[in-house]
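Asks: here you go, sequence then predicted model.
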Amino acid sequence: MSYQEVEVAEVKGLNDVKVFQLCECDAVAAYSLEEAREWYKNLTGLEDDELYKLSEVSEVSLDMKVRKGEEVEGMITVGQIIQDYWNGEPFIAVTNLY
């Protein structure tokens with residue numbers, strides 16, 4: 001009888017998404033800090049020295065409330081933003097630049 005080795009890929013879902021404050025103005029939703037930084041650098045063209053140092057990056061609380069938008073009244077939690085907009089790829093979840 002022979003046994004085959006089965007590789008099991010780690011499956012990540014919505015509950016694994018975190019939001020990282022990468023710089024003064026933007027926080028990115030991603031599975032990991034490394035994923036968030038690489039995606040953001042590719043999007044913006046910024047370099048590592050233009051972002052917060054790894055030791056200075058903070059994880060944004062999913063309970064934090066932010067404005068829904070520049071022209072939209074009301075508040076929304078960061079967690080609700082993740083639930084509404086996460087599609088499996090990193091994105092800017094919170095920004096203070098309009």
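Replies: Noted; the coordinates are in hand. Residues are numbered from 1 along each chain as shown.

Asks: so where's the chain shaky on pLDDT?
Replies: Residues of the chain meeting the criterion pLDDT under 70: 1-10, 98.

Asks: mind listing the strands for it?
Replies: 18-21, 26-30, 58-59, 65-67, 75-77, 91-95 (DSSP state E).

Asks: and the helices in the protein?
Replies: 33-44, 78-85 (DSSP state H).

Asks: need the ones you listed in CSV (columns: mean neighbour count and distance to Asp63).
Replies: (Glycine included, C-beta is placed from N, CA and C.) Converted to CSV, the helices of the chain look like this (neighbours: other C-beta atoms under 10 Å; distance: least, C-beta to C-beta, whole Å):
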stretch, mean neighbour count, distance to Asp63
helix 33-44, 16, 19
helix 78-85, 15, 7
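
Asks: among the ones you listed, which is nearest Val60?
Replies: Smallest distance to Val60 across the helices of the chain (C-beta to C-beta): 5.5 Å, for helix 78-85.

Asks: what's the closest one packed up against?
Replies: strand 26-30, strand 65-67, strand 91-95 (3 or more C-beta pairs under 8 Å, 6 or more residues apart in numbering; DSSP states H and E).
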